[in-house]
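In: This is the structure alone, sequence omitted:
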């Protein structure tokens, strides 16, 4: 298996640090609103990477954090007049619901930045002791960027070029020794959440959070660190500087980054009115279609989102689901073991599994892997008929299901839910909301979501549809 390593800028054979095991850290979202479809791409991509590694027999320790203290969260809390903690808690729950609807598996651990403050204080103190960091007069702690000799090795940026005024790293402040030094700990402002530290009452900088969470849950050195390409600099570059200075070892062996998602060939932006949340897309499309669409291109290629492309993805997914349903119907009406001819046919279908694996082994090329699935679908449609044995139909269904499961595509349809049962649960949810029993209301919503029922609260009441 080969993957493209951002650090070395080439494809490399994947050899984990510990045989049979993979440690993988993926930067998660800052939770101040519903996640948008740009957030969804790395979630889907690296969930698929994890699924394939597990398919290959690896035990994957998959860690993906939630940044639950941040300027944007605080701003949202001020706007709503509630504690920042409530904002973060609400949108973590909403994010987990969207992830479930996208069939993104829960991480082995979903650490929260606010629960890892002791580890951050320890690492910052260690960096100060080693001379890589210093506390300014106001209690801000900065990292001495120039002291880390390999700074820029991930992004390819030259530190002397950065001096000319790169906004991504330079922060104004006369208390800094060097304009390129970045923040590890900062003093609180009025009304902000804060923690006690040896330097001041304050909160951590963004970069130190991931370094500490990766260290705690995966160790000083990890196999794979992943995220969107927008994180390469300065976030991942700064993580490397912190972690390698503190731990005295390489931070991550392989760095994977997905390319941007554009909307109708333009960058997604609220000002352009082309900013879509996963929740909004879920009102128009089955989110399995969004997942399938995301996997239709290689993860390192820019992906353009548009109605026509989503329509094409929906049609492609329907081809797969129709073939699966066809095999299930054949199985239900057939019986018997495979004939000799069917055994030979089933052996032939192995070529599509091989093509699928070759595609995924080549830097997780999901676009070609999907093509292999389509070839298998065509094979199923042309070789399985009313004359087929149950064993043959079941074997093909199992093979198709295994490959789709790696992609996170669900081919098993949920049992039909009676409308009366849905209406009864919705009515109970409405009563719970009136009684301000929001925990029960959320529980019912999640129960309905698990049944494949999507709710939408409107001024006229609650509407629902099947996912």
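Out: That came through, no problem. Because the structure is a prediction, the values reported are computed rather than measured. Numbers count the residues shown, from 1 in each chain.
In: C-alpha from now on. contacts and neighbour counts both.
Out: OK.
In: Helices of the stretch 101-250 of the chain, residue ranges please.
Out: Ranges of helices in the stretch 101-250 of the chain, per DSSP state H, counting those that start in this stretch, are 117-129, 159-162, 206-218, 237-247.
In: Just send those back as CSV, with mean pLDDT too.
Out: Listed next are the helices of the stretch 101-250 of the chain as CSV, based on pLDDT from 0 to 100:
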stretch, mean pLDDT
helix 117-129, 98
helix 159-162, 84
helix 206-218, 97
helix 237-247, 98
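In: closest one to residue 72 among those helices?
Out: Residue 72 lies closest to helix 206-218 among the helices of the stretch 101-250 of the chain, at 12.1 Å (C-alpha to C-alpha).
In: Which strands or helices does that closest one pack on?
Out: strand 21-26, strand 59-64, helix 117-129, strand 182-187, helix 237-247 (3 or more C-alpha pairs under 8 Å, 6 or more residues apart in numbering; DSSP states H and E).
In: ok, back up a step: out of the helices of the stretch 101-250 of the chain, flag the one nearest residue 101.
Out: Here helix 206-218 is closest among those (C-alpha to C-alpha), at 25.8 Å.
In: quick one: that closest one to strand 59-64, angle?
Out: Calculated by axes from the mean of the first three to the mean of the last three C-alpha atoms, to 10 degrees, helix 206-218 forms an angle of 150 degrees with strand 59-64.
In: How far off centre is helix 206-218?
Out: Relative to its chain's centre, helix 206-218 lies at 17 Å (C-alpha atoms, centre = their mean, to the nearest Å).
In: Other residues contacting it?
Out: Contacts with helix 206-218, where a contact means C-alpha atoms under 8 Å, 6 or more residues apart in numbering, come from 23-25, 27, 61, 63, 65, 70, 109, 111, 113, 116, 119-120, 123, 184, 220-222, 235-236, 238-240, 242-243.
In: As JSON lines, the helices and strands packed on helix 206-218 with distance to residue 355 and mean neighbour count would be great.
Out: Formatted as JSON lines, the helices and strands packed on helix 206-218 follow (distance: least, C-alpha to C-alpha, whole Å; neighbours: other C-alpha atoms under 10 Å):
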{"stretch": "strand 21-26", "distance to residue 355": "24", "mean neighbour count": "23"}
{"stretch": "strand 59-64", "distance to residue 355": "23", "mean neighbour count": "19"}
{"stretch": "helix 117-129", "distance to residue 355": "45", "mean neighbour count": "19"}
{"stretch": "strand 182-187", "distance to residue 355": "46", "mean neighbour count": "22"}
{"stretch": "helix 237-247", "distance to residue 355": "36", "mean neighbour count": "22"}
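In: Out of the ones you listed, which gets nearest to residue 338?
Out: With C-alpha to C-alpha as the measure, strand 59-64 is the member of those nearest residue 338 (33.9 Å).
In: Reformat the helices of the stretch 101-250 of the chain as a markdown table; add distance to residue 97.
Out: Listed next are those as a markdown table, based on distance: least, C-alpha to C-alpha, whole Å:
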| stretch | distance to residue 97 |
| --- | --- |
| helix 117-129 | 26 |
| helix 159-162 | 40 |
| helix 206-218 | 23 |
| helix 237-247 | 29 |
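In: So for residue 49, which of those sits nearest?
Out: Of all the helices of the stretch 101-250 of the chain, helix 206-218 sits nearest to residue 49, with 17.5 Å by C-alpha to C-alpha.
In: now the closest one against helix 237-247, angle please.
Out: 50 degrees.
In: List the buried residues for helix 206-218?
Out: Buried residues in helix 206-218, counted by 16 or more other C-alpha atoms under 10 Å: 206, 207, 208, 209, 210, 211, 212, 213, 214, 215, 217, 218.
In: Tell me the one of these nearest residue 158?
Out: For the buried residues of helix 206-218, the nearest to residue 158 is residue 207 (19.6 Å; C-alpha to C-alpha).
In: which strands and helices sit next to the lowest-mean-pLDDT helix or strand in the chain?
Out: Ranking every helix and strand in the chain by mean pLDDT, DSSP states H and E puts strand 461-466 at the bottom, with a mean of 74. Judged by 3+ C-alpha pairs under 8 Å, 6+ apart, strand 461-466 is in contact with strand 453-458.
In: List the buried residues of the strand it packs on.
Out: For strand 453-458, burial by neighbour count (16+ other C-alpha under 10 Å) applies to 453, 454, 455.
In: what about the closest residue to the first one other than its chain neighbours, distance to residue 313?
Out: The shortest distance from residue 453 to any residue that is not its chain neighbour, by C-alpha to C-alpha, 6 or more residues apart in numbering, is 4.7 Å, and that residue is residue 466. For residue 466, the distance to residue 313 under the criterion C-alpha to C-alpha, to the nearest Å works out to 19 Å.
In: More neighbours: which of these two?
Out: More crowded of residue 466 and residue 313, by other C-alpha atoms under 10 Å: residue 313, with 21 against 13.
In: That one is in contact with residue 293, isn't it?
Out: Yes - with contacts counted by C-alpha atoms under 8 Å, residue 313 reaches residue 293, the gap being 5.2 Å.
In: Residue 257 falls within a strand, correct?
Out: Yes - the assignment for residue 257 is a strand, going by DSSP: H, G, I helix; E, B strand; the rest coil.
In: Which residues does it form beta bridges with?
Out: Note on residue 257: beta-bridge partners by DSSP bridges are residue 227.
In: doesn't residue 301 make contact with it?
Out: No - counting by C-alpha under 8 Å, residue 257 stays clear of residue 301, with 10.2 Å between them.
In: the more surrounded of the two?
Out: Each of residue 257 and residue 301 has its neighbours counted (other C-alpha under 10 Å); residue 257 has more, 22 against 11.
In: Can you give me the distance of that one to residue 81?
Out: According to C-alpha to C-alpha, residue 257 and residue 81 sit 37 Å apart.
In: Could you pull out the helices in the stretch 251-400 of the chain for me?
Out: Counting by DSSP H, counting those that start in this stretch, one finds helices in the stretch 251-400 of the chain at the ranges 278-284, 287-294, 307-333, 340-361, 366-383, 390-407.
In: Highest mean neighbour count across these, which stretch is it?
Out: Most buried of the helices of the stretch 251-400 of the chain, by mean neighbour count (mean count of other C-alpha atoms under 10 Å): helix 287-294, with a mean of 23.
In: Could you check how far residue 30 is from residue 260?
Out: Separation of residue 30 from residue 260 (C-alpha to C-alpha): 17 Å.
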